[in-house]
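Undergrad: Give the three-dimensional model of this entry:
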Amino acid sequence: MQFLRHAYERFAVLARELAKFGTIGAIAFVIDFSGTNLLRFGLDWGPLTSKVIATVVAATFAYLGNRYWTFRHREQSGLAREYFLFFLLNGVGLLISMLVIGFVTYTLGLDDPISYNAALLVGTALGTLFRFWSYKRWVFLAATAVTEEIPQELPGKTKIY
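TA: The predicted structure is shown next:
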């Protein structure tokens, strides 16, 4: 019974984290996707430059949302450390997305908005899977369990709990 309770509690925490992560991610996605398209097709910037700039803006929003809402119950290991790791791991996620966009644009020669946005969606999905796993693993660490210290018995004394 204890095992089932523990499994349920772990699942409930994971489900809440996923829901919050998804909400922040959805808003960051809108920022990233619309920003990338505005820069790429509205201002006629390059496909990779557009993605990088929009991602930096979206990642800043995502860091703040995830730190202060999604993973606020997790241990805070220092803003500088978290921020550095968050953006380093976002850089890996961005690289994944840029590889997909670069492959579609430069290798396949597909430069139309539909192909670009399809590549953007696939790259974002793959990068998001990596980011969720890596944030939990390295950035927003699990809170340390609070353990109660049981008083040591003194010789000749009765335990009082």
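Undergrad: Name the single longest helix found in the chain.
TA: helix 2-37 (DSSP state H).
Undergrad: Who are the packing partners of that one?
TA: helix 47-65, helix 113-134 (3 or more C-beta pairs under 8 Å, 6 or more residues apart in numbering; DSSP states H and E). C-betas here are computed from N, CA, C, even on glycine.
Undergrad: of all those helices, which lies closest to Glu17?
TA: Closest to Glu17 of the helices and strands packed on helix 2-37, according to C-beta to C-beta: helix 113-134, at 8.8 Å.
Undergrad: From what I see, Glu82 and Tyr135 are in contact.
TA: No: counting by C-beta atoms under 8 Å, Glu82 stays clear of Tyr135, with 9.5 Å between them.
Undergrad: Compare the two (neighbour count), which wins?
TA: Ranked by neighbour count (other C-beta atoms under 10 Å), Glu82 and Tyr135 place Tyr135 first, with 26 against 21.
Undergrad: Model confidence for the more buried one, exactly?
TA: Turning to Tyr135, the model gives it a pLDDT of 76.
Undergrad: Show me the shaky parts of the protein.
TA: Applying pLDDT under 70 to the chain flags residues 73-77, 140-161.
Undergrad: 90 - rerun?
TA: 1-22, 25, 59, 62-64, 66-90, 93, 111, 124, 127-161 (pLDDT under 90).
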